[in-house]
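[1] give me coordinates for this.
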Amino acid sequence: MKILQGGLVLGVAVAAWTFVMGFTGWYKHPSLLHLFWLVLPIQVAVLIWTLIRTKRDGRGWGGQVLAGFLTSAVGSALVFASSMVFTTLAFPRYFDELRALHEQVLRDQGMAEEQIRVMVAQAAQMQTSVMQATQGMIGTLVTGLFVSMLIAIWIRAKDAPAAPAT
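    From the prediction side, this is the model:
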């Protein structure tokens, strides 16, 4: 139940932050677009909360890593679904607006129009709702696995008895 709760909190928190980015229009601004990456500290905080709770069940390091990965798996399903809703229903012009932002950034850098067209066209191949949602899902899973490994070490070290003084 703790894993499911953690996964639901993770998925809802990431979805909420994504929609904050959308409703504020921050994803359209070159200097604010990078705020999307606040999903990483959100995931770390949720995993710390979940793994502290699951350690009380007597899980070892591997059990903690598995709990973190499963928490991330539950969260990643919600991340996928919310991303699809975001790019298809809530903000159907999302990719058009990202392409326009990309063009403007490249223009501001002094790039030639032909180079801009090529670069934007290359990026557009990956800018689909399914691709975006899949990348979010995979990113959540991979981050969850590696961060859980580190958190499990930290949680176990925090509770380890101090070495005797020599």
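[2] where's Arg53 relative to Val118, distance?
    Distance, Arg53 to Val118, by C-beta to C-beta, to the nearest Å: 50 Å. C-beta: built from backbone N, CA, C; applies to glycine.
[3] same question, Trp26
    Applying C-beta to C-beta to Trp26 and Val118 gives a distance of 27 Å.
[4] so for those two, which sits in the more crowded spot?
    Ranked by neighbour count (other C-beta atoms under 10 Å), Trp26 and Val118 place Trp26 first, with 15 against 12.
[5] skipping adjacent residues, who's closest to that one in space?
    Leu32 (3.9 Å; C-beta to C-beta, 6 or more residues apart in numbering).
[6] how many residues are close by that neighbour?
    13.
[7] tell me the pLDDT at it?
    As predicted, Leu32 sits at a pLDDT of 91.
[8] same question for the one 10 residues further on.
    Listed pLDDT for Ile42 reads 98.
[9] residues in contact with it?
    Leu10, Ala13, Val14, Trp17 (C-beta atoms under 8 Å, 6 or more residues apart in numbering).
[10] so which of those residues is the closest to Phe91?
    Nearest to Phe91, judged by C-beta to C-beta, of the contacts of Ile42 is Trp17 at 14.3 Å.
[11] tell me the phi and psi of the closest one?
    phi -60, psi -40 (degrees, to the nearest 10).
[12] which strands or helices does the longest helix along the chain pack on?
    The longest helix of the chain (DSSP state H) is helix 129-159. For helix 129-159, the packing partners by 3 or more C-beta pairs under 8 Å, 6 or more residues apart in numbering; DSSP states H and E come out as helix 2-24, helix 39-55, helix 61-85.
[13] which regions of this structure lie under the pLDDT threshold?
    Within the chain, the ranges that satisfy pLDDT under 70 run 159-166.
[14] circling back to that earlier point, okay if I get the contacts of Ile42 as a markdown table plus distance to Gly136 and neighbour count?
    What follows is the contacts of Ile42, written out as a markdown table (distance: C-beta to C-beta, whole Å; neighbours: other C-beta atoms under 10 Å):
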| residue | distance to Gly136 | neighbour count |
| --- | --- | --- |
| Leu10 | 12 | 28 |
| Ala13 | 13 | 17 |
| Val14 | 8 | 25 |
| Trp17 | 12 | 17 |
